[in-house]
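Q: Provided below for reference: sequence and predicted model.
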Amino acid sequence: MSNELSLMSSYELSSCNKLITGKLIDYIKKVINGVFIDDDNIWVISSHYLFHWDLETFQLKFSYSLGFTAKYYEHGKLTVLTKGNSIAVKYMDYEINEIAIFLKDVHFPIRNIQLKDTDTKIEFCEVQNNDYLLAFNLPRKDEKQNIILYNITDINAQPKDASMIFNEKKFILYEYNSESKKAFGLVDGKFSYINLVDLNWHEFFESHKEDDDLVGWNDYLCQTFKKYYYNDTLAFPDMENIRSLLSESKNMKEVVRSLFSHEYKNKNIATKDINFNNQKYKWRIELKIDKLDELDELDELDKLDKLDELDELGKLDKLSVYSDKEFLCSKDLGIKFTKFTRLNWKILNNNALALRLDYNGFIIIYEYDIHNKCIKTQYFVYKRKMLNIKDFSGPILPMIVATEIADLDTYINRKQYFTQLSESIISIIEDERCLAKYGPTLLLNLIKSTDSELTRHIEDIYNKCINLVKEDPKRNMKFLNIITSSMNDLYKKYPDYITKFNSEMFMILDDERIHSDGDHSHFYTLSDEVEIRKIYEDTTINYVIGNIKILIKILIILIILFLTILILLLPFIIIYIIFSRTEFLDFLKHERQRKQQIVLITPYIDYSRYPSEYSSWKEIFYPQSSVFVNTCKKEFYLNWNGEAIINFKWKKFGRIYYFTIWLIFMVFLVCFTIASYPTNSITRKVRINLYRTTIAFGFFHLIFELRQFIWNPKKYFLSIWNLFDLSAYLSATIASICWIKYGDIPYWALSISCLLLDLKFLLFFRVFEYFGVYFAIIFGVAKRVFSFLVVLAIIILSFAHAFFLLLHPENLLDSLNAQNPNDLNNPWTLSNTYNQVDENGNILNETLIQVPSENTNLFYSYPTSLLATYLFLTGNQNSLSPWAPKPTTENTILFILMAVFSFLIVIYLMNLFIGLLNMAIEKDNDRALYLVQKAEVIAEIELFYLLPHQRRWRSWFPEVIYYYVDVEKTRIYIKKAIKKGKWNMDDWPEMKHKILKLLSIDDAIINLAV
């Protein structure tokens, strides 16, 4: 066995803006500000977030909002402690020395503690399921040591001064071991330790609740404590006890007989007491039995069906809480039950009471609010096909879905169930922790629900999330994810919320300062997401040396390939520079001019993210979509926020894939164009090879078209872009196959195929704003006037039919060969006649008739009649000129039809059409439509060109996107928004005033804001 230590594999830590490779974790300035590794976890802190990875699988577990802005500092320190459901993060740089305390899987900090001393240490203490944080500084000579104890479980409790525990012995604390419960430090300069096994931190904390000696300390720490009741039932569910609740089963008859056998015979009300875990309080369930006599008779088999299944047997009347000495509160339930109703209960770890009702279909959890002395419904769930243990195997409790909500109408306890459900929803909304965990699922179910009693909570959730963000954007920004995750459904059913959201979140500052040394172009987008990727290295020197020759050969091939690709890409590079000239010129002027810039945040949190769980095989034809893919609508791109998302995606991966697709198409186009060119200089063998290449690339493109069709057939055919793509790829591919098989192909097929390919080439320019705006106008106007064009087409078809019936020859099949002088519409009758003249100019009796052609009477069939009518519409009257004015009924009708057609179609409707076009152009001359167009292109690339694992890269699909904007351009943008009424000062006035003050916008302009 070798004694050498070899590196089998390594990982790289990367950010969205820069990639770091190597064997060790490195730091990225302004992005990765600290890394901390413990036994099982990797913790990385960026400017705004804390990322948590599993050390074994390198899978991201969760990301947390810090609540403050961390800055890169070479000597910065990051410390992360975990204990149960609590996480403490201490970070120190040249400006910040702060502790953020989190609860597991809750993205915002429950507490931020600002520290005065840079050498403060922290440690968790745990007693009787209560978590405490011990924070102490390392004092310098003759400096007092501050030792503070924080209650993590009850965040309303103020911290306590724990210095008295150690000051009696003049002990200076340097280390506390929570496992051994020993404190290590110095006494009179000598090393010593204190055994704190007998110290109960919980009793110490409770015994000093009335102390006021920390008021000044709290003010110094900028702590504020609000009296909220927190729903631990949902925040940290007791899954084990809930699962055991489902494993037991008793019908109502068994419950009554086993629990109330001594009481129910003498009275109709029976009670059952259930003690809290600490025995200080107890629950009391009260049942009211209305049909005790019938219940006794159920023992006889022949009378088992005496009571109908839906007949009311009694009701779960009341739920109460008692202390050892007195009654505290009660809650009226009024839930009716029958003989087949199942009833069971379980006391949970937090002393909440879980009830299971109706064949395992319902679970309701009640909790006693000790602060407000009331009973709250914290959780309600119903499942039509019965709840099972698997439903409660995850980290959070399952939520009732919209289809199950509709089923509640069929139950005898409809009113009671809806009341319980509504109370549980209110409980989730009131608790920020529960709202963060359950909010996305809850809001989506409420949007899909049709019950007005529940849909009213949509506004409650929306307002709660928006208000939390307004109160503290750095801490609560991720609450917007609850709204953005349901954007598509909100847009379909409640579009006013989208308008309101765009107005309130119009512009969000990242920090309240101007970057005078801005080195980014205007609208430069970025994200401070961090991810870990696995890389592999072979450190065998012999292997490297042995492959040097192969690498040299590959290098030569790559150089040749590079030059070839460069020649092919040169037009695209020129195009990109021309149509992205602003950014290009900014790059050229970078060293000469530094711009003043501010940093903004897009409010569309988690807008682009894809579900983390997926099947690679299923994703081939049925890829999971993101909110971004489903919301390529104008309403989402009316301001800079939507544009920032598109710019970020375009620069990260969109442009690379787009130009690659364009390049592949160019090969396809060039091969088919050359092969179909009518010249003898191209041999048959060369044509066959060109057509084969065309077929290969055609099938490549058609595979992606097929995937799009399978994914959403309706959406595929409703997109004009897809129809152009399909027709171009399909026509050229089929034409190539036919030529190879038959050796020839009709010229009309080649002409149509080339026309479609050329148009497809033109459509590639739609991603550039210079062209894209006009493409948006063209197709936008076409959609708006489509119905008018249908009406116009029907009118033209009607006139064509009328002309055909009026002017067709009697012999439709062979009118050119059969002369009929009696048929006024016969081509021979309508042909020009010529008289012969002699040398003196006298007209002879012989007459010459010009041989008629198919153009003599275009009304011999309906299709040609339609062509003649269209020519008449364009001003060509030759098709009607053979009919001279004659005093006949047919000619009179003909000229009436001509007059009506000329006035109605040519004069009235065509001028009306021009007016409608002008109006439509004004409406569609909107940059937002171009952005929608570009968003659709990026969405197509995401779904069908990226691999499934690429769609899960956080560097490409981050939670939050930031963007730099020039101060001067931002002033212009805001002034325009104010004049257009898009800048509403009533929507988040604090943020808008900060922006206006930061940009020094004139008061005269501000006064114009609504």
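A: Sure, I can see it. Residues are numbered from 1 along each chain as shown.
Q: name the SS class of the closest residue to residue 89 other than its chain neighbours, please.
A: Of all residues not flanking residue 89 in the chain, residue 100 sits nearest, at 4.7 Å (C-beta to C-beta, 6 or more residues apart in numbering). (C-beta placed from N, C-alpha, C; glycine too.) Classification of residue 100 using DSSP: H, G, I helix; E, B strand; the rest coil returns strand.
Q: show the pLDDT at residue 100.
A: pLDDT recorded at residue 100 is 84.
Q: equivalent analysis for residue 851, please.
A: The predicted local confidence for residue 851 is 70.
Q: next, it: secondary structure please.
A: coil.
Q: for the closest residue to it other than its chain neighbours, what are its contacts?
A: The shortest distance from residue 851 to any non-neighbouring residue, by C-beta to C-beta, 6+ apart, is to residue 831 (7.2 Å). Contact analysis of residue 831 by C-beta atoms under 8 Å, 6 or more residues apart in numbering lists 849-852, 856, 882.
Q: tabulate these (JSON lines), appending neighbour count and distance to residue 112.
A: Converted to JSON lines, these look like this (neighbours: other C-beta atoms under 10 Å; distance: C-beta to C-beta, whole Å):
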{"residue": "849", "neighbour count": "12", "distance to residue 112": "102"}
{"residue": "850", "neighbour count": "12", "distance to residue 112": "98"}
{"residue": "851", "neighbour count": "10", "distance to residue 112": "98"}
{"residue": "852", "neighbour count": "20", "distance to residue 112": "95"}
{"residue": "856", "neighbour count": "21", "distance to residue 112": "91"}
{"residue": "882", "neighbour count": "18", "distance to residue 112": "92"}
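Q: would you mark the buried spots in stretch 496-504?
A: Residues 497-498, 500-504 are the ones in stretch 496-504 that count as buried (16 or more other C-beta atoms under 10 Å).
Q: quick one: what helix or strand has residue 846 in it?
A: strand 843-849 (DSSP states H and E).
Q: doesn't residue 858 make contact with residue 867?
A: Yes: at 6.2 Å, residue 867 counts as touching residue 858 under the criterion of C-beta atoms under 8 Å.
Q: which of these two has more residues huddled nearby?
A: More crowded of residue 867 and residue 858, by other C-beta atoms under 10 Å: residue 858, with 23 against 15.
Q: just put the contacts of residue 831 in JSON lines and tack on distance to residue 493.
A: Shown next, in JSON lines, are the contacts of residue 831 (distance: C-beta to C-beta, whole Å):
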{"residue": "849", "distance to residue 493": "72"}
{"residue": "850", "distance to residue 493": "69"}
{"residue": "851", "distance to residue 493": "69"}
{"residue": "852", "distance to residue 493": "65"}
{"residue": "856", "distance to residue 493": "61"}
{"residue": "882", "distance to residue 493": "61"}
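Q: now for those: which two are most distant?
A: Longest distance between any two of these is 14.3 Å, between 851 and 882; criterion C-beta to C-beta.
Q: so which bits of stretch 783-798 are buried?
A: For stretch 783-798, burial by neighbour count (16+ other C-beta under 10 Å) applies to 784-785, 792, 796.
Q: apologies, that question was intended for stretch 827-834.
A: Neighbour counts over stretch 827-834 (16+ other C-beta under 10 Å) mark 827-831 as buried.
Q: quick one: the residue nearest to residue 830 when sequence neighbours are not counted and residue 163, what's the gap?
A: Setting aside the residues directly before and after it, residue 830 is nearest to residue 882 in space (C-beta to C-beta, 6+ apart), at 3.9 Å. Distance, residue 882 to residue 163, by C-beta to C-beta, to the nearest Å: 114 Å.
Q: likewise for residue 436?
A: Using C-beta to C-beta, residue 436 is found at 35 Å from residue 163.
Q: more neighbours: which of these two?
A: Between residue 436 and residue 163, counting by other C-beta under 10 Å, residue 436 is the more crowded of the two (23 against 17).
Q: for the residue lying farthest from the centre of the chain, give me the backbone phi and psi.
A: Relative to the mean C-alpha coordinate of the chain, counting by C-alpha atoms, centre = their mean, the farthest residue is residue 840 (92.6 Å). Reported as degrees, to the nearest 10, the phi and psi values for residue 840 are phi -90, psi 0.
Q: and if you look at residue 842?
A: Dihedral angles of residue 842 (phi, psi; degrees, to the nearest 10) stand at phi -80, psi 140.
Q: for the chain, name the helix or strand with the lowest mean pLDDT.
A: One helix or strand of the chain scores below all others by mean pLDDT, DSSP states H and E: helix 215-221, with a mean of 33.
Q: output the contacting helices and strands for whichever helix or strand comes after that one.
A: Counting by DSSP H and E, the next helix or strand C-terminal to helix 215-221 is helix 232-235. The contact analysis (3 or more C-beta pairs under 8 Å, 6 or more residues apart in numbering; DSSP states H and E) places helix 232-235 against strand 362-369, strand 374-382, helix 432-448.
Q: report the contact partners of the residue nearest to residue 89.
A: By C-beta under 8 Å, 6+ apart, residue 100 lies in contact with 50, 64, 66-68, 88-89, 91, 109, 111-113.
Q: sort out which one of these lies nearest residue 196 for me.
A: For those, the minimum distance to residue 196 (C-beta to C-beta) is 19.4 Å, reached by residue 88.
Q: you'd agree the closest one is in a strand?
A: Yes: counting by three-state DSSP, residue 88 is found in a strand.
Q: run a quick check on it versus residue 131, I expect a contact.
A: No: using C-beta under 8 Å, residue 88 is not in contact with residue 131; the gap is 9.5 Å.
Q: give me the pLDDT for residue 610.
A: Looking at residue 610, its pLDDT stands at 90.
Q: next one: residue 708
A: Reported pLDDT for residue 708: 93.
Q: isn't there a helix covering it?
A: Yes: counting by three-state DSSP, residue 708 is part of a helix.
Q: neighbours of residue 488, just the number please.
A: Residue 488: 20 surrounding residues under other C-beta under 10 Å.
Q: count of neighbours near the nearest residue to residue 196 once chain neighbours are set aside?
A: Nearest non-adjacent residue to residue 196, counting by C-beta to C-beta, 6+ apart: residue 181, 4.8 Å away. As a burial measure, residue 181 scores 16 neighbours (other C-beta under 10 Å).
Q: same deal with residue 752?
A: Look at residue 752: counted by other C-beta under 10 Å, it has 15 neighbours.
Q: quick one: it from residue 731, how far?
A: Here the criterion is C-beta to C-beta. By it, residue 752 lies 6 Å from residue 731.
Q: then residue 961?
A: Residue 961 is 40 Å from residue 731, where distance means C-beta to C-beta.
Q: pick out whichever of the two has more residues nearby.
A: Comparing residue 961 with residue 731 by neighbour count (other C-beta under 10 Å), the higher total belongs to residue 961, at 26 against 20.
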